[in-house]
Structures are given as C-alpha cells and as structure tokens.
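Trainee: Fold the following and give me the result.
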Amino acid sequence: MSKYKVSRFLLFVLCLSTTGNVFALDWDGLKSKIEAKYKGFSAEVKDMEIVMESEVKGMEGAGPSEIKMFKKGEKYRMETKMNMPEGSDMPTGMKDMKNIMIFDGKDLWTVNQFTGKQKLPADANVSGKDQINWWEDLPKKGKIIGSEKVGSRDCYIVETWDENNKDSKIKGWVEKATLLLMKMESESADGKTFTVVNSNFKKVSKWEMPYTTEIFTGGKLMTKTTIKTFNINKGLSNDLFDADKVSMDGKGVPDMKNMMKKFKMGG
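Mentor: Got it, this is the predicted structure:
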C-alpha cells in the first residue's frame with residue numbers, strides 16, 4: 001500500500017473513531033462530565049450577589065423590574081421590585097411593589113408590604129431559583145437525541161424527564177466544547193412551547209455565565225432578563241436569609257378595602 005493510501009486509510013479510521021466517540025456518549029456520561037466540571041464552581045463560590053433587570057414584553061410604558069439575588073450555600077434570597085407603567089390605574093403603593101423571597105435552608109418565606117411574612121408550601125415552584133446553579137439538580141433520566149447549533153455554538157440536544165412523570169419532558173441544548181446550557185424547551189398542557197435561551201456569556205472568575213436570558217412562549221418573546229452585576233465571595237451576612245430580620249417599608253400601602261372596590265372584588 002502506498003504512503004498516500006496509508007494516510008487516507010488512517011484518516012478514514014480516525015474519522016470513524018471520532019464519530020463513534022461522539023455518538024457513544026449517553027446522558028449518564030454527559031451528566032457526569034457536567035457535574036465534574038461544575039464541582040469546582042461549587043467549591044470556589046461560597047456566596048454570590050447578582051443584580052438583574054427584567055423586561056416584560058407587551059406591557060407598554062412599564063419600566064424594567066429590578067431583581068436582586070443572594071445565594072450562600074443552600075440558602076438564597078430574591079428581591080423583586082416591579083415598576084408598573086406610568087399613568088396605570090394601579091392603586092397608590094402598588095406601582096413600585098417590592099417582594100422578598102427567602103429560603104433559609106429549611107423553609108421558604110415570602111415577605112411584602114401587603115401581606116407581611118408568610119411561609120410557603122415546601123413544594124412551591126419558585127421560578128428562577130435554580131437558573132444559576134442549573135447543574136446541581138440534573139434529572140436522572142435522559143438521553144441524547146441529536147446535535148444542533150445554537151448561534152455559532154455546536155450543542156448536544158438532550159431530552160430529560162422526571163422519573164415519576166415521563167410527561168414532564170424537557171429538551172436542553174448543551175454546548176459540546178464548554179458544557180454550557182444554551183437553551184431549554186418544554187411544552188405546556190395546552191400545547192404551547194416554553195423556551196428559555198441563554199446568551200451574552202461573560203466570565204465570573206474563570207466561569208462563563210449567561211448575562212442575558214430570554215423566555216419565549218409559543219415563539220413569542222415574553223421576558224428578557226439582563227445581569228448588571230455579578231459578585232462572588234463577598235462574605236454575605238446570614239441575616240439576609242432570616243425572614244424575621246426583613247425590614248419592609250409600609251409607606252404608600254393601599255387601603256385593602258378601597259383596593260378591593262377598585263377591582264370590583266369587594267364591597
């Protein structure tokens with residue numbers, strides 16, 4: 001066999017070997033790689049403080065809501081300040097609403113100036129609490145169903161589901177080179193597609209994080225969240241995660257009876 005033919009043969013074998021390795025990777029293998037990579041993040045980052053802006057599309061005149069997230073180990077706190085549209089018919093005190101949600105490591109609480117402090121059910125679904133450390137609770141069941149580019153990034157397409165509910169399938173796009181989560185997609189009970197797209201990745205220490213997250217329903221953009229600041233290891237006080245130590249300004253709180261009248265919900 002000539003040198004040229006040998007080279008072509010070796011190249012062919014190499015291509016077969018590479019292709020075989022790609023398709024041989026299953027969900028368990030990919031899951032293990034993701035968990036191994038981000039184990040270092042969990043070890044390095046003792047606490048984090050993130051300030052975000054979230055815009056709701058279709059609400060004309062509304063300013064972006066401000067979201068602050070604090071995380072320390074398993075504990076977290078989310079502060080949401082909603083800016084309602086200028087000239088809206090909302091009662092005084094509701095145009096600049098602030099809500100605080102706290103998980104103290106055991107219980108989940110919500111605190112605001114209207115209802116005070118309330119303990120939420122243990123199984124309450126809190127949107128956004130796992131968006132940052134998405135790798136900490138990966139489903140046990142799943143499979144790689146293909147590959148596709150999201151923008152310029154080559155991704156595995158994975159399909160995962162809850163062991164107790166196979167109808168709760170979620171598709172995810174994980175970049176092959178970096179293991180970054182680029183996109184997630186699920187289908188609601190009424191058949192509408194719910195899609196989350198991450199972009200604008202920036203480094204926090206040595207870790208890439210998405211600074212822009214867009215949420216689509218039925219292909220229509222509903223919300224866009226942008227990270228303004230992302231700080232780690234600032235030595236956050238444990239008091240931040242104590243619902244009893246939340247000070248909430250009650251100035252401008254509407255009279256509940258009048259508010260019920262305004263919305264034709266009471267007498």
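Trainee: Touching, residue 183 and residue 196? I think so.
Mentor: Yes - applying Cβ atoms under 8 Å as the test, residue 183 and residue 196 come out as touching, 6.8 Å apart. Where C-beta positions appear, they are placed from N, C-alpha and C, glycine not excepted.
Trainee: Contact partners for residue 135?
Mentor: Under the criterion of Cβ atoms under 8 Å, 6 or more residues apart in numbering, the contact partners of residue 135 comprise 34, 35, 37, 38, 181.
Trainee: Sort out for me which of the residues you listed are in helices.
Mentor: Judged by DSSP state H, the subset of the contacts of residue 135 located in helices is 34, 35, 37, 38.
Trainee: what sits against the second one?
Mentor: Looking back up the chat, that one is residue 35. The contact partners of residue 35, taken as Cβ under 8 Å, 6+ apart, are 135, 138.
Trainee: got it, and the last one?
Mentor: Listed by Cβ under 8 Å, 6+ apart, the contact set of residue 38 reads 133, 135, 136.
Trainee: Checking the second one next. Helix, strand or coil?
Mentor: Read that as residue 135. When classified by DSSP: H, G, I helix; E, B strand; the rest coil, residue 135 comes out as helix.
Trainee: how close does it sit to residue 222?
Mentor: Between residue 135 and residue 222 the distance is 25 Å, computed by Cβ to Cβ, to the nearest Å.
Trainee: which other residues reach the helix or strand that residue 55 is a member of?
Mentor: Residue 55 is located in strand 47-56, with elements delineated by DSSP states H and E. For strand 47-56, the surrounding residues in contact (Cβ under 8 Å, 6+ apart) are 62, 64-73, 132, 222-236.
Trainee: what about 7 Å?
Mentor: With contact meaning Cβ atoms under 7 Å, 6 or more residues apart in numbering, strand 47-56 is reached by 62, 64-72, 223-234, 236.
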